[in-house]
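K.L.:
next comes the sequence, and after it the predicted model I'd like to discuss.
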Amino acid sequence: MAGGKKDPLNETRLVLQGDSPQITEPIRHFTEFEHPAGATQTKGEISACIEDTGVIPFVSEGSPEDALFVAEALVAAGIPIIEISMNGPGAIDVIFHLVKYAPTMIVGAGNIRNVNTACKCVDAGAKFLATDGAISGVVEFAAEENLVVIPGALTPSEVISLWDAGADFVKVVPCYAVGGHKYIQSLKAAVPQARLIAAGGVTQLTALNYVVAGVAGLSVGEELIPKEAIVLRQARRIQELARRFLTSVQNGRA
């Protein structure tokens, strides 16, 4: 970089090349004391980071230690974003743990069904809130808290309603059930200003088509973070999958 300044993200990549569990502690020390960016970013910065990155990885279950391992692998591959599903046990504790020990990450909460859960997620440190349905109360709550919100929708009417209500992005879920990228194309024609996130059925084979169709980002779970890779602590496997999805985003926007 200019002026001889080091890139913290590049340094993290060098540390994380191995798959040994022993890599966890050095990286935790580095991220906590050298680059505490995630905890201090504004709503606008977080929204821009989500759109610039174009990939929102989500974890549906696992321990706080599992989630920390995934977060460190993702940031090493260039994705400083992770969404923790409220469908998993102890999800609030996972968010709290990540916010404390992986402050380079933008930690969000997903599968939120009501304002009460949203409030708990914010108290734990979540920086964005996501739903899988058109839950207007969560959108209003996020606006009051000045947080990025990504509500779920399927029909054009839901997309329009949520976008007009102030959503930062609208997650179209499940995309695969209603025509995939062709459905995204029709939605973009109807609501060109809406920033859409493709979710449900997003794979390495479909990612590029979704980006070309006009989505602002991809919501990806096990296709990016296989359960086996978590159990076996295969950091490089997750990083390689992350880079493939990032390449699809880059190529689709070219």
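P.N.:
Here it is on my side, so go on.

K.L.:
test my guess that Ser248 contacts Gln204.
P.N.:
Yes. Ser248 is within contact range of Gln204, at 7.3 Å (criterion: C-beta atoms under 8 Å). C-beta here means a position set from N, CA and C on the backbone, and glycine is covered the same way.

K.L.:
so where's the stretch 101-250 of the chain shaky on pLDDT?
P.N.:
For the stretch 101-250 of the chain, not a single residue meets the criterion pLDDT under 70.

K.L.:
strands of that one, start to end?
P.N.:
Under the criterion DSSP state E, counting those that start in this stretch, strands of the stretch 101-250 of the chain are mapped to 106-110, 128-130, 148-150, 152-153, 170-172, 196-199, 217-220.

K.L.:
who are the packing partners of the first one?
P.N.:
Pointing back at strand 106-110 there. Applying 3 or more C-beta pairs under 8 Å, 6 or more residues apart in numbering; DSSP states H and E, one finds that strand 106-110 contacts helix 43-53, strand 81-85, helix 91-101, helix 115-124, strand 128-130.

K.L.:
what's the most buried one of those?
P.N.:
Highest mean neighbour count among the helices and strands packed on strand 106-110 (mean count of other C-beta atoms under 10 Å): strand 128-130, with a mean of 28.

K.L.:
who does it touch, helix- and strand-wise?
P.N.:
strand 106-110, helix 115-124, helix 136-145, strand 148-150.

K.L.:
run through who's touching the third one.
P.N.:
Under the criterion C-beta atoms under 8 Å, 6 or more residues apart in numbering, residues 112, 114-115, 118-119, 122, 129, 131, 148-149, 151, 161-162, 165-167 lie in contact with helix 136-145.

K.L.:
which of those residues sits closest to Leu232?
P.N.:
Ile112 (30.3 Å; C-beta to C-beta).

K.L.:
what sits against that closest one?
P.N.:
Ile112 sits next to 86, 118, 121, 129-131, 135, 138 when contact means C-beta under 8 Å, 6+ apart.

K.L.:
endpoint to endpoint, stretch 124-141 covers what distance?
P.N.:
With C-alpha to C-alpha, to the nearest Å as the measure, stretch 124-141 spans 15 Å from end to end.

K.L.:
list the buried ones in the longest helix that the chain contains?
P.N.:
Longest helix in the chain by number of residues, with DSSP state H as the criterion: helix 235-253. Across helix 235-253, burial judged by 16 or more other C-beta atoms under 10 Å covers 235, 237-239, 241-242, 245-246, 248-249, 252.

K.L.:
how far does it sit from its chain's centre?
P.N.:
The chain centre lies 13 Å from the centre of helix 235-253; the measure is C-alpha atoms, centre = their mean, to the nearest Å.

K.L.:
show me the contacts for Met105.
P.N.:
Applying C-beta under 8 Å, 6+ apart to Met105 gives the contacts 38, 71, 74-75, 80-82, 98.

K.L.:
equivalent analysis for Ala167, please.
P.N.:
139, 149-151.

K.L.:
bridged to the residue nearest to Ala126 when sequence neighbours are not counted, which residues?
P.N.:
What sits nearest to Ala126 in space, not counting adjacent residues and going by C-beta to C-beta, 6 or more residues apart in numbering, is Ala109, at 4.3 Å. On the basis of DSSP bridges, Ala109 is bridged to Ile84, Leu129.
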